[in-house]
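J.: Build me a structure from this.
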Amino acid sequence: MRHFLLIALLCALTAPASAQDTELEYRVKAAYLFNFTKFIDWPVTATDGDNSFSICIAGRNPFGAALASTLVGETAAGRSTATRVVNPGDADSCQVLFVPRGVAAAPYFRGVEGAPVLTVGESPDFLAQGGVINFVIDEGRVRFEINQMAAERAQLKVSSRLLQLGRANPTQGDK
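T.: All right, here's what the predicted structure looks like:
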């Protein structure tokens, strides 16, 4: 419940994220990425074992230290959290994969096809390409859209509470 309230507060109170404040934008996105883990159910095979819960970044890290500092001391699915930058061939070992704007999503989607990986992006066509969650800037605030069909293909169950907080998906996409 605590994490639900945190996400609700982030939605309501996040400071404007503008081109002049990219650092703030990525701090907010880092908090969202971590909090998404509390509202997604992964299959047991995706979260068992002794490894850490990996929140990965495709190709390049736009977060600076924001994501790593957000994850310090945190757990997800009962495991310690970690972050790293990955190439397409390594993405299937992640539980969450963030694809930054300007990084081609298609090779990463091929790399995680059939794997229970929550794909999150920030490009206008990310959901139509098959991504699960896409960040958008709406009236100067960071918001997100959810593609439930893509989540189901990835064997992920999205909490109804998270669905209520997200914006309506303008297109479910066919991918």
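J.: quick one: least confident helix or strand in the protein?
T.: The helix or strand of the chain with the lowest confidence, counting by mean pLDDT, DSSP states H and E, is helix 2-13 at a mean of 48.
J.: which is the next helix or strand following that helix?
T.: helix 22-36 (DSSP states H and E).
J.: how about the biggest strand by length in the chain: buried residues?
T.: Across the chain, the strand with the greatest residue count (assigned by DSSP state E) is strand 79-86. With burial defined by 16 or more other C-beta atoms under 10 Å, the residues of strand 79-86 counted as buried are Arg79, Thr81, Thr83, Val86. C-beta: built from backbone N, CA, C; applies to glycine.
J.: Now tell me what touches it from outside.
T.: Outside strand 79-86, the residues within contact range by C-beta atoms under 8 Å, 6 or more residues apart in numbering are 34, 37, 47, 51-61, 67-68, 71, 74-75, 93-94, 97.
J.: mind redoing it with 6 Å?
T.: If you take C-beta atoms under 6 Å, 6 or more residues apart in numbering as the criterion, strand 79-86 is touched by Ser52, Phe53, Ser54, Ile55, Cys56, Ile57, Asn61, Leu67, Ala68, Leu71, Glu74.
J.: Same check on stretch 36-43?
T.: Contacts for stretch 36-43 (C-beta under 6 Å, 6+ apart): His3, Ala76, Pro116, Leu118, Gln155, Leu156, Lys157, Ser159, Leu162.
J.: so the most centrally placed residue in the chain, which of the three states?
T.: Nearest to the mean C-alpha position of the chain, counting by C-alpha atoms, centre = their mean, stands Val120 at 3.8 Å. Three-state call for Val120 (DSSP: H, G, I helix; E, B strand; the rest coil): strand.
J.: Would you map the strands across this structure?
T.: 40-41, 53-58, 75-76, 79-86, 96-99, 118-121, 133-138, 141-146, 157-158.
J.: Output these in a markdown table; the columns should cover distance to Phe109 and mean pLDDT.
T.: What follows is the strands of the chain, written out as a markdown table (distance: least, C-beta to C-beta, whole Å; pLDDT from 0 to 100):
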| stretch | distance to Phe109 | mean pLDDT |
| --- | --- | --- |
| strand 40-41 | 18 | 94 |
| strand 53-58 | 10 | 96 |
| strand 75-76 | 22 | 92 |
| strand 79-86 | 13 | 94 |
| strand 96-99 | 9 | 98 |
| strand 118-121 | 7 | 98 |
| strand 133-138 | 13 | 94 |
| strand 141-146 | 16 | 94 |
| strand 157-158 | 18 | 96 |
